[in-house]
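Student: can you look at this prediction? I've put the sequence above it.
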Amino acid sequence: MSPVIDVHDGALPQILVVESDPEVAATLVAAIAASRGKSHDGLKSQDWAGCVVVESIGHLHREDLRQFGAALVASIMLDGCGLDAIAYLRGLAPTLPIVMVGGIADSTIAAEAIRGGASEFVLLTGHEHVTIPLAIRKAIVHRQLRRDNEHLQRTLTRSMAELAEMNRRLENSVLRLEDMARTDELTGLTNRRWLNRVLEERWAESDRHDFGLGFLMIDLDGFKGLNDTLGHPRGDDVLRRVGDLLRDTCREIDVAARYGGDEFCVMLPHADLEATTRVANRIASEFEAACPIWGLSTGQLGISIGAAHRSLSGAATPDELIRHADEAMYIAKNEGKHVALRQPDPAASRLAG
């Protein structure tokens, strides 16, 4: 591949002239020499004024194409068509600027020459001292502009790829931050702040469409003693296991959350009263079955669940629904049962488990 050779102050780099006709070759060389402010003494050498003349396509293989800044190719050669020479040069020096020259009779192949890779087709009209240097300079500048554009395109593509990667990382960071903002770090459940936000949305939805809405408040009985006896790492492990149990036991639409300490809660959107109590009893049953698997003896850890349903307790706000579930939880705890359901009249709360 030819090196990048810029045009400075009108000077031309070394030119390859592919021409079988000695007179035409001399004319082309003279035009280039004149543009350099030089003259030549006829065809005594293959190197005049920075030009190398090759008389046939078959001799092109002798030249190191990397030394040339541009090439002039005759439309007709003794051993083939100029299009063949262009194809050869394009194969070995894809970036070499090429100008095809020829007479009026050869102009029919001008378009094909351009499609083949030539920058321009120049007619030999007797004004070669003007047209040839100009065509060469144009071809070199066009090549340089194309390279600059390709470089800019590569830079732009690379920048866009880097920007896309930065955006991907930023999106991942935002997602992680959002996840951290709504997730309890220990259990992986929804945290209390995010639960309150989601509960507000579900409450509004329940208002608009008259959907059922249930809420469970859950407390681990005896957890403080277990934590003090077995240590905080064991206590944290139990809390994590309870979080897993809630995820596995609740409905897919439910939102299980760690309310704080050893208190958990579950919001049950689109749930009627029966579904609310069914989920509460299932959690209690699964918890009892899991404690021995967790290595806890009978009575070492218990569970109290308060259930409230908007249609039954008459809660007027999301906070009041949470309070009703909390009140039912204390009823369950005080009466030694796993689940209690909040009735319209707190004094009339009945056991559901």
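Tutor: Thanks, I have the structure now.

Student: so V99 sits in a helix?
Tutor: No. Per DSSP: H, G, I helix; E, B strand; the rest coil, V99 lies outside any helix segment and is strand.

Student: any weak-confidence spans in the stretch 201-350 of the chain?
Tutor: When residues are selected by pLDDT under 70, those of the stretch 201-350 of the chain lie in 345-350.

Student: check which residues of the helix or strand T277 falls within are buried.
Tutor: Assigning secondary structure by DSSP states H and E places T277 in helix 273-293. For helix 273-293, the buried set under the neighbour-count rule, 16 or more other Cβ atoms under 10 Å, comprises 273, 275-281, 283-284, 287, 290-291. All C-beta atoms are positioned from the backbone trio N, CA, C, and that covers glycine.

Student: who does that helix touch, helix- and strand-wise?
Tutor: For helix 273-293, the contact count by 3 or more Cβ pairs under 8 Å, 6 or more residues apart in numbering; DSSP states H and E identifies strand 213-221, helix 232-249, strand 263-269, strand 302-309, strand 339-341 as packing neighbours.

Student: switch to 6 Å and redo it
Tutor: Packed against helix 273-293, as judged by 3 or more Cβ pairs under 6 Å, 6 or more residues apart in numbering; DSSP states H and E, are the following elements: helix 232-249, strand 302-309, strand 339-341.

Student: could these go into CSV alongside distance to E201?
Tutor: Rendered in CSV, the data for these read as follows (distance: least, Cβ to Cβ, whole Å):
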stretch, distance to E201
helix 232-249, 20
strand 302-309, 18
strand 339-341, 25
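
Student: ok, which of these comes nearest L268?
Tutor: Shortest distance between L268 and the helices and strands packed on helix 273-293, using Cβ to Cβ, is found for strand 302-309: 8.4 Å.

Student: run the chain-centre distance for the very next helix or strand once past the closest one.
Tutor: Counting by DSSP H and E, the element after strand 302-309 in chain order, helix or strand, is helix 310-313. For helix 310-313, the distance between its averaged C-alpha position and the chain's averaged C-alpha position is 48 Å (Cα atoms, centre = their mean, to the nearest Å).

Student: just stretch 142-162 next, same as before
Tutor: Using Cα atoms, centre = their mean, the offset of stretch 142-162 from its chain centre is 21 Å.

Student: and for V198, the neighbour number?
Tutor: 16 (other Cβ atoms under 10 Å).

Student: oh sorry, the question was meant for S56
Tutor: Here the count is done by other Cβ under 10 Å, and S56 has 14 residues near it.

Student: I figured it hits G82, correct?
Tutor: No. Using Cβ atoms under 6 Å, S56 is not in contact with G82, being 11.8 Å away.

Student: helix, strand or coil for A316?
Tutor: Three-state call for A316 (three-state DSSP): coil.

Student: number of residues surrounding it?
Tutor: The number of residues packed near A316 is 9, by other Cβ under 10 Å.

Student: that older thread, could the helices and strands packed on helix 273-293 go into TSV alongside distance to A31 and mean neighbour count?
Tutor: As requested, these are exported to TSV (distance: least, Cβ to Cβ, whole Å; neighbours: other Cβ atoms under 10 Å):
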stretch	distance to A31	mean neighbour count
helix 232-249	85	17
strand 302-309	98	27
strand 339-341	103	27
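
Student: contact partners for L245?
Tutor: Shown in contact with L245 (Cβ atoms under 6 Å, 6 or more residues apart in numbering): 286, 290.
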